[in-house]
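> the following comprises the amino acid sequence and a computationally predicted model.
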Protein chains: 4
Amino acid sequence: MSVSALNPNPIPTPSIQPPDIVRCAYMELIVTDLAKSREFYVDVLGLHVTEEDDEVIYLRSLEEFIHHNLVLRKGPVAAVASFAYRVRTPEDVDVAEAYYKEMGCRTERRAEGFTKGVGDSVRVEDPLGFPYEFFYTVDHVERLTQRYDLYSAGELVRLDHFNQVTPDVPRGRAYLEDLGFRVSEDIKDSDGVTYAAWMHRKDTVHDTALTGGDGPRMHHVAFATHEKHNIIQICDKMGALRISDRIERGPGRHGVSNAFYLYILDPDDHRIEIYTQDYYTGDPDNPTITWDVHDNQRRDWWGNPVVPSWYTEASLVLDLDGNPQPLVARTDSSEMEVTVGADGFSYTRGDETDYKVGSQL
Amino acid sequence: MSVSALNPNPIPTPSIQPPDIVRCAYMELIVTDLAKSREFYVDVLGLHVTEEDDEVIYLRSLEEFIHHNLVLRKGPVAAVASFAYRVRTPEDVDVAEAYYKEMGCRTERRAEGFTKGVGDSVRVEDPLGFPYEFFYTVDHVERLTQRYDLYSAGELVRLDHFNQVTPDVPRGRAYLEDLGFRVSEDIKDSDGVTYAAWMHRKDTVHDTALTGGDGPRMHHVAFATHEKHNIIQICDKMGALRISDRIERGPGRHGVSNAFYLYILDPDDHRIEIYTQDYYTGDPDNPTITWDVHDNQRRDWWGNPVVPSWYTEASLVLDLDGNPQPLVARTDSSEMEVTVGADGFSYTRGDETDYKVGSQL
Amino acid sequence: MSVSALNPNPIPTPSIQPPDIVRCAYMELIVTDLAKSREFYVDVLGLHVTEEDDEVIYLRSLEEFIHHNLVLRKGPVAAVASFAYRVRTPEDVDVAEAYYKEMGCRTERRAEGFTKGVGDSVRVEDPLGFPYEFFYTVDHVERLTQRYDLYSAGELVRLDHFNQVTPDVPRGRAYLEDLGFRVSEDIKDSDGVTYAAWMHRKDTVHDTALTGGDGPRMHHVAFATHEKHNIIQICDKMGALRISDRIERGPGRHGVSNAFYLYILDPDDHRIEIYTQDYYTGDPDNPTITWDVHDNQRRDWWGNPVVPSWYTEASLVLDLDGNPQPLVARTDSSEMEVTVGADGFSYTRGDETDYKVGSQL
Amino acid sequence: MSVSALNPNPIPTPSIQPPDIVRCAYMELIVTDLAKSREFYVDVLGLHVTEEDDEVIYLRSLEEFIHHNLVLRKGPVAAVASFAYRVRTPEDVDVAEAYYKEMGCRTERRAEGFTKGVGDSVRVEDPLGFPYEFFYTVDHVERLTQRYDLYSAGELVRLDHFNQVTPDVPRGRAYLEDLGFRVSEDIKDSDGVTYAAWMHRKDTVHDTALTGGDGPRMHHVAFATHEKHNIIQICDKMGALRISDRIERGPGRHGVSNAFYLYILDPDDHRIEIYTQDYYTGDPDNPTITWDVHDNQRRDWWGNPVVPSWYTEASLVLDLDGNPQPLVARTDSSEMEVTVGADGFSYTRGDETDYKVGSQL
């Protein structure tokens, strides 16, 4: 029985108020070779180890004060075990549990938490098939903000956002708006098809985004740097280590979000974005920006081509038993197909002279 | 009669010492629409106008004290009229004239100079077919180094180098080494084919470079910025102006030269590089670096693909009568063909697992 | 009758919930020479003019979408007419009015707003003597986020915070905490004296701060840049314009807030801070940092001395009739006196070897 | 017998051509606690160890290919044992020896060099009392230019220059001009007193500079970074390590040289400058810039005050027996006295309104 069969379309809005989500807080990744993953996240990217043993490594970014932003857990299949959000109060965990139960979702509550350093939590299989987690209680650890003696040239300072692949973006967006997320930007076409949407709780462009495609899958998880040169250094270092083939896309300037970005791949092909300098979205009437899918500057403001793998590849996600969720195919138009190749097109200005030299068009 | 017929191979070394070349100093470009070119170089790139009229515009970079680094002259065919070098003394102009005459090259001496602001000069049709110029006398103008009130976010501060396309790189290299240039880096293969060479007089990686291809053509002219963010701003501005299709390649980090780079195209498709942070080469035994043509990090340290146009397109150059020089085809292997596509290959580490996702390989 | 006589100490907490403040939104400055001020804010600092006439100029930062962040109004005495906060809903303006009325404060409600581009607003003389304003309704204008064609090398991208001088910091802090602000950092001594406190509504270190001193006065208003080099450019440009004597303090790295900073003075001696890269404070249990007043890195992480004027000078504020508020003297210890000079001291490490060369100690 | 008695004034120009100096190459420092110095130069500043033992540490900057740029040698008295220049050919060492002998200077030639990694060298007690060294032969070591895996956030990439204190600047300048140095900038007053001069061989503003004061002493040795943020990181790291009292002056923008700078003190109070982004000086007629000693932007473009220690403190230098050279007092006006305090003055614009708030005037 497929996920979509389990979950009605559209997803019903629960009768109760949703939990008050503060922000995306951590992701739990299943990795197949813990030593190789440690090398990537600690030695190459410089994330800080809060705690570790032979099975799991807890990592945090420089300015974080909660126990971790990333959990690497050894497992047989590379996948994502949790997209974890912090809520405003301990009671919001109760609210989250009730909220998802009313939607008919499977939930699991653990007073002692699912990971070290985190207390009372609920994990759910959400209507889109993703393992969402909500918690308030967490161990505070040393915030390394002014530990410039530990500051690497490519230092990652904050967890910024998740990005999820789902076949029906409007369906997912409505569910997340009910959950209290607000849309900062989206990509559509003139036929009304939605290709992607960016949604936030904290005052940035997003805590998570929905990218249209076969799902549920995890497209990427993003960490922020202070400045653009920090991202360039990560590229330079990957060149020096002769792993430039793990740079998938970028660096570049996003059209959507206006952030400076880089996409790299970990040893299990989990995609990591390095990201800096989007904008403030905290006002209640923050303007939503809609991009035309054919605008060649939407994904890269400089018109550099998006590599096909970026559209097609993503990580599996696990159900609460730890088994990979089956995929549901996207039936709406594919962004890659409508913008690249024989039947697709993109424009820079909308006139006839604007096709970029060397592009994939 | 072809250029190669006119010029023997190998080019003979003159019996006299070459002129003492200080640095690349300016390029004269023929542009077909002066207003459009002004918009590009002045409004977009922010070069400073020293002088201008209806036929010609004299431009300089922020830290320059000679009259110009770039001359835009209106003409019927987009081309390059001069690659101009400054020499150490007035007498070096005499030396240059004699030196080229001994090689059998056509020369033209003008005591009043070929452009405003420059005095006694000699232009030559060099053995590779390029219009080289040598001068010492030049008007000093305000050096804008500390005019931070004029400093744009993407400010160009120095002319850095020329890049020339020539079919037989070793032949051209030998000629330029005789002329006093020293090689900082080159690209070869295991069969001994040379694909490109970087050659300097001042203490940087190059004043000019030779790129293998049908020539004589001008591959690009490069201006330096202070920092990497200045180059990113130029991309961002071209995005804002909706001319991102004029960004041809980059930004990126070069393997060769280690500089951070960007290639953009002017309204006539003259290619401009924006460049920053190569390294000091002034020691007499500065180590020459040879790159393997199959090393995927040689042209871009991050392994990002070189677009085909970058290999195939270049600007015509003029003879001393103002007519475009005929092209001589490269007969050695093409770098693009040996590194990209069906018969070519590149590696990141030289093992079997290193092909970059999304690359053109 | 003095302000403190008008307002009881401690300030009573109203019985109703406070308005839901989103963020600091704009400041209205009275300037004595509008042309000179325009030169400073527009020509030197590059703020963008939304609207202007002979009496008033409305300015905004690059990424702003509301009508203005700064109002310059011509007047006889340099002062501050409004510290304006945006609230979450139109009803919050009613709440604000009621809230201050219950505290016995004078209020003035204007359905059409006090400035162009802003609708229904209430201004109050708050218990500390400051002219606070609350509004929701505002004209949206073009957000210039991606207008990189307008992006100057020292671009100001957001209004970040206000800073207010008040004699009794704990009294002011309690009032602002009641109003819904949360304290991110403060400066104290071992006797329990509080010298300053930083307080936020949005997810940054502050929307406003209280600095101990004779008050009510406005210490500074701060705008954010994207990166540190943007701030350095502002210094460089002020050097080029030969107004370096209007750089009062910095640039430097704050201990408190961790931001990179610069303080400059406008033609009326209103102090402007340029500020970048503090940290996320949005979690409900965001740790509060308390600094020892004798820690020489609290105000400047590099131990550079604070100039005396920074402690002693500040701008007058107006009552709702437009008259300057009388000052109440600080009776607690002065930060300058306890840290600098004959009777004060600061330490770097707390041992005997740590007095900085050239410092004012 | 004093140095000035030993050396005539003016210093005679030798009859032979001077050696062809390429650049400043390394400094040998005597340090009193090798472990403490190693911590400062390696752990804090990140210089790379080429070789070390219990008595001496050989350090180099990232982009260096010769054996070292800095030698730390354990000794009883903190001092400078050598200002070493690289010359263009092995024969230039002979020339240097003869050149100084003709001036009547004591010289010492060692075919095996004075330090590891350097071959045939001559050291001299120069006419100003400084221990100058000239060598050509040197071991090449790995150039770390693209070792971004080793690239720290405050990476030092090149040795840039020396700075020497001498009582009679014009006398020293004439000697160095005879030796082939060219003056890029100087500081004078309207009475013709010279306070300082900057002199170069390579294409930067200086390889060494003369600062007026009691001498011979070493004012500082300077290393370059790529960008300004690298220098800010060094400050931030020194703050994190609670050694901000070892930041003596800056960061700031120089008027002279236009470079972004920082001065810090090593455990023996040897002064180190961190420096970036001066300008190209390689043209034969590079314009010399003369600054008025009363121009408040000459030393710091932003008008920030120079701390007194920067004027008064400097390191001793050794004679060829390893004994500190006696000092000769400056008799010309002192820059500090004519610009700061009761009898001195500085201006920003030269009018009456331009004294900087908080300055030391």
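Received the coordinates, thanks.

> could you give the mean pLDDT of stretch A:113-129?
Throughout stretch A:113-129, pLDDT has a mean value of 98.

> that stretch: end-to-end distance?
End-to-end distance for stretch A:113-129, by C-alpha to C-alpha, to the nearest Å: 21 Å.

> check stretch A:70-87 too.
17 Å.

> interface residues of chain A facing chain B?
A:227-229, A:232, A:235-236, A:238-239, A:242-245, A:247-249, A:251, A:253, A:255, A:260, A:265, A:296-297, A:301-304, A:307-310, A:313, A:348-349, A:354-359 (C-beta under 8 Å from any C-beta of the partner chain). In this view, the C-beta of every residue, glycine as well, is placed from N, C-alpha and C.

> 7 Å - rerun?
Proximity of chain A to chain B (C-beta under 7 Å from any C-beta of the partner chain) is limited to residues A:228-229, A:232, A:235-236, A:238-239, A:242, A:244-245, A:247-249, A:253, A:265, A:297, A:301-303, A:307-310, A:348-349, A:354-358.

> just the ones of these in strands?
Secondary structure from DSSP state E places A:247, A:248, A:249, A:253, A:265 of those in strands.

> farthest-apart pair in the residues you listed, please.
A:253 and A:265 (20.8 Å; C-beta to C-beta).

> ok, back up a step: of the residues of chain A next to chain B, buried ones?
Neighbour counting with 16 or more other C-beta atoms under 10 Å in any protein chain shown marks A:228-229, A:232, A:235-236, A:238-239, A:242, A:244-245, A:247-249, A:253, A:265, A:297, A:301-303, A:307, A:309-310, A:348, A:354, A:356-358 as buried within the residues of chain A next to chain B.

> how about the helices in the stretch 201-350 of chain A?
A:228-240, A:308-312, A:335-339 (DSSP state H, counting those that start in this stretch).

> the longest one: how far from the chain's middle?
To tie it back to what came earlier, the one meant is helix A:228-240. Distance of helix A:228-240 from its chain centroid, counting by C-alpha atoms, centre = their mean, to the nearest Å, is 21 Å.

> also stretch A:120-129?
The chain centre lies 16 Å from the centre of stretch A:120-129; the measure is C-alpha atoms, centre = their mean.

> one more: stretch A:53-68?
Offset of stretch A:53-68 from its chain centre (C-alpha atoms, centre = their mean): 18 Å.

> now stretch A:22-42
13 Å.

> and that stretch, does that touch chain D?
No: residues of stretch A:22-42 are not located near chain D by C-beta under 7 Å from any C-beta, the shortest gap being 11.8 Å.

> send me that stretch as PDB with only the CA atoms.
Only the C-alpha atoms of stretch A:22-42 are listed here, as PDB (Å, rounded to 0.1, in the frame of the first residue of the first chain):
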ATOM      1  CA  VAL A  22      11.100  27.500  16.500                       C
ATOM      2  CA  ARG A  23      13.400  26.200  13.800                       C
ATOM      3  CA  CYS A  24      15.000  23.300  12.000                       C
ATOM      4  CA  ALA A  25      17.400  21.900  14.600                       C
ATOM      5  CA  TYR A  26      19.100  18.700  13.500                       C
ATOM      6  CA  MET A  27      19.100  15.900  11.000                       C
ATOM      7  CA  GLU A  28      19.900  12.300  11.700                       C
ATOM      8  CA  LEU A  29      21.800  10.700   8.800                       C
ATOM      9  CA  ILE A  30      22.400   7.000   8.400                       C
ATOM     10  CA  VAL A  31      25.800   6.500   6.900                       C
ATOM     11  CA  THR A  32      27.400   3.200   5.800                       C
ATOM     12  CA  ASP A  33      31.000   3.900   6.800                       C
ATOM     13  CA  LEU A  34      31.300   6.000   9.900                       C
ATOM     14  CA  ALA A  35      35.000   6.600   9.600                       C
ATOM     15  CA  LYS A  36      34.700   7.900   6.100                       C
ATOM     16  CA  SER A  37      31.800  10.100   7.100                       C
ATOM     17  CA  ARG A  38      33.700  11.400  10.100                       C
ATOM     18  CA  GLU A  39      36.600  12.300   7.800                       C
ATOM     19  CA  PHE A  40      34.200  14.300   5.500                       C
ATOM     20  CA  TYR A  41      32.200  16.200   8.200                       C
ATOM     21  CA  VAL A  42      35.000  16.700  10.700                       C
END
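
> could I get the buried residue list for stretch A:33-46?
Across stretch A:33-46, burial judged by 16+ other C-beta under 10 Å covers A:34, A:37, A:38, A:40, A:41, A:42, A:44, A:45, A:46.

> kindly report the same for stretch A:328-343.
For stretch A:328-343, the neighbour count (16+ other C-beta under 10 Å) marks A:328, A:330, A:332, A:333, A:334, A:335, A:336, A:338, A:339, A:340 as buried.

> one more: stretch A:86-102?
For stretch A:86-102, by 16+ other C-beta under 10 Å, it's A:86, A:87, A:88, A:92, A:93, A:94, A:95, A:96, A:97, A:98, A:99, A:100.

> now do it, average pLDDT.
Here the average pLDDT along stretch A:86-102 is 98.

> touching that stretch from outside, list them.
A:14-16, A:18-23, A:25, A:107, A:109, A:120-122, A:124, A:126, A:134-137, C:283-284 (C-beta atoms under 7 Å, 6 or more residues apart in numbering or on different chains).

> give me every residue in chain A that's in contact range of chain C.
Where chain A comes near chain C, counting by C-beta under 7 Å from any C-beta, the residues are A:22-23, A:63, A:65, A:86, A:88, A:140, A:143, A:145-146, A:158, A:202-203, A:226-227, A:258, A:277, A:279-280, A:282-284, A:287.

> that older thread, dump the ones in strands among the residues of chain A next to chain B to JSON lines, plus pLDDT.
Putting these into JSON lines (pLDDT from 0 to 100) gives the following:
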{"residue": "A:247", "pLDDT": "98"}
{"residue": "A:248", "pLDDT": "98"}
{"residue": "A:249", "pLDDT": "98"}
{"residue": "A:253", "pLDDT": "98"}
{"residue": "A:265", "pLDDT": "98"}
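
> which of these lies closest to chain D?
When these are ranked by distance to chain D (C-beta to the nearest C-beta), residue A:247 comes first, at 12.9 Å.

> what's opposite the closest one in the beta bridge?
residue A:264 (DSSP bridges).

> surely it is in contact with residue A:264?
Yes: taking C-beta atoms under 7 Å as the definition, residue A:247 is a contact partner of residue A:264 at 5.5 Å.

> which residues do those two both contact?
residue A:238.

> what about residue A:290, how many residues nearby?
13 (other C-beta atoms under 10 Å in any protein chain shown).

> for it, give me its contacts.
A:186, A:188.

> neighbours of residue A:326, how many?
12.

> please apply the same query to residue A:313.
18.

> leaving aside the residues next to it on the chain, what's closest to it?
Counting by C-beta to C-beta, 6 or more residues apart in numbering or on different chains, residue A:269 is the residue found nearest to residue A:313 once chain neighbours are left out, at 6.7 Å.

> per-residue confidence for that neighbour?
98.

> again, but for residue A:358
On pLDDT, residue A:358 comes in at 47.

> quick one: the helices in the stretch 51-200 of chain A?
Here the stretch 51-200 of chain A has its helices, by DSSP H, counting those that start in this stretch, at A:91-102, A:169-178.
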